[in-house]
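**Student:** model this:
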Amino acid sequence: MDDHAQGFITTGNAFNDPSGLALLLMQILIILITCRIISIPFSYIHQPSVIAEVVGGILLGPTALGRWSWFRNTIFPPVSMGPLKALADLGLVLFMLLIGLEMDLIMVKKNAKNSFIISVVGFAAPFALSVGVSFFLYNFIPFKEVKPEFYKFLLFIGVAMSVTALPVLARILTEKKLAQSRIGVIILSAASVDDAMCWILLALIIALIGSTGPIISLYIFLSTFAFVLVMFLVVSPLMLKLLRHFDQVNPNSDGVAQISQPMVVAAFLLTISTSFITNSIGIHTIFGGFVTGLILPRENGFAVALTHRIEDFVSLILLPLVIKTLIIIVFHCIWFKDRYRIFKHGNSLGSIFPGVCCCRNG
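**Tutor:** Numbering: from 1, shown residues only. The predicted structure follows:
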């Protein structure tokens with residue numbers, strides 16, 4: 001039977017689509033509607049939309065609607081989360097591209113010292129406080145397999161507690177119109193450095209636990225450093241020359257700059273390429289999008305025009321998928337695989353909860 005004929009009329013199941021497209025469309029529809037409905041009351045108490053998305057993710061996860069077996073197995077079955085997560089990751093990359101486009105590089109250079117100090121302190125304080133949390137986790141929470149050495153476990157917990165949720169922070173600052181202010185630039189710069197350090201340290205920890213050796217973290221650091229240098233010293237001038245070659249940036253009747261299609265294609269190809277490169281290096285794909293946004297030319301309003309082209313689609317359609325997809329996946333893993341162990345050792349979790357709060361607010 002033809003794939004397009006396997007719909008509700010012929011099979012009695014609207015999601016009986018071998019490609020999985022029907023189920024993906026329904027998941028996107030449910031997530032977006034839930035997000036918009038929950039964000040309405042949250043807007044009255046001046047909460048950013050990302051908070052509503054967190055609540056929506058919990059609502060759609062196993063703690064609420066996910067406890068309904070039909071909903072869990074039909075709408076959000078674990079095997080279907082791959083395409084949804086990939087779409088959410090793409091939205092995250094494009095959002096970080098927008099953040100990079102909106103950042104003022106002159107202000108970044110002026111506040112580089114402050115950003116670096118804040119980044120180091122913001123990493124070191126929760127890492128130090130995580131020592132106590134690591135002790136409780138290591139001694140009171142059972143391991144499924146052989147216990148790792150304590151120092152390896154401590155390093156992993158320390159990095160996990162110290163990492164900054166850069167996309168979430170960027171969204172909050174953007175919604176509050178602070179992303180382009182001096183304090184916003186300092187915070188985002190510090191958070192980006194903090195995240196880069198965490199990914200490099202995570203690679204080191206994985207190397208220590210595995211058999212690849214700690215030298216791999218040095219390779220990742222050098223590769224990341226070389227990537228940033230090439231982007232700013234080579235790719236940025238090339239993109240500026242390309243913009244001047246096409247030179248079709250002119251304001252329309254509304255005063256918004258219009259850019260040529262070749263430049264839009266070039267910007268997106270560069271974003272996808274850099275995200276692939278950073279992922280291959282061993283750091284998150286969002287750094288590729290973020291650095292691309294930083295190096296794209298600002299001349300003739302190009303950055304503003306590109307932002308206008310994709311901002312609404314990314315912010316209103318793709319971003320709501322990010323938080324909710326992550327929460328649903330994490331809760332699926334925790335709730336259905338380790339629910340018994342969580343309840344069994346609830347006293348231990350209760351004892352470390354204040355420590356976790358201290359680390360995350362350190």
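**Student:** Now do the same for Lys147: its pLDDT.
**Tutor:** pLDDT for Lys147: 73.
**Student:** ok now do it, which residues does it touch?
**Tutor:** Tyr138, Phe153 (CB atoms under 8 Å, 6 or more residues apart in numbering). Any C-beta I mention is one placed from the backbone N, CA and C, and that applies to glycine too.
**Student:** try 10 Å
**Tutor:** When contacts are counted by CB atoms under 10 Å, 6 or more residues apart in numbering, Lys147 touches Tyr138, Asn139, Phe153.
**Student:** wait, is it part of a helix?
**Tutor:** No: judged by DSSP: H, G, I helix; E, B strand; the rest coil, Lys147 forms no part of a helix; its state is coil.
**Student:** Could you report the distance from it to Leu137?
**Tutor:** Using CB to CB, to the nearest Å, Lys147 is found at 11 Å from Leu137.
**Student:** Now for these two: what residues contact both?
**Tutor:** Contact criterion CB under 10 Å, 6+ apart; residues shared by Lys147 and Leu137: Phe153.
**Student:** Please identify the buried residues of stretch 40-56?
**Tutor:** Phe42, Pro48, Ser49, Val50, Ile51, Ala52, Glu53, Val54, Val55, Gly56 (16 or more other CB atoms under 10 Å).
**Student:** swap that for stretch 88-106, please
**Tutor:** 88-104.
**Student:** Restricted to helices, list the residues you listed.
**Tutor:** 88-102 (DSSP state H).
**Student:** could I get the buried residues of stretch 40-56 as CSV with secondary structure and distance to Ser273?
**Tutor:** Listed next are the buried residues of stretch 40-56 as CSV, based on DSSP: H, G, I helix; E, B strand; the rest coil; distance: CB to CB, whole Å:
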residue, secondary structure, distance to Ser273
Phe42, helix, 37
Pro48, coil, 31
Ser49, helix, 30
Val50, helix, 28
Ile51, helix, 34
Ala52, helix, 34
Glu53, helix, 29
Val54, helix, 32
Val55, helix, 36
Gly56, helix, 33
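**Student:** Out of those, the closest to Ser130 would be?
**Tutor:** Taking CB to CB as the measure, Val54 is the one of the buried residues of stretch 40-56 closest to Ser130, at 22.7 Å.
**Student:** And the host helix or strand of Leu218, how far out from the chain middle?
**Tutor:** Assigned by DSSP states H and E, Leu218 falls within helix 215-230. For helix 215-230, the gap between its own C-alpha mean and the chain's C-alpha mean amounts to 21 Å (CA atoms, centre = their mean, to the nearest Å).
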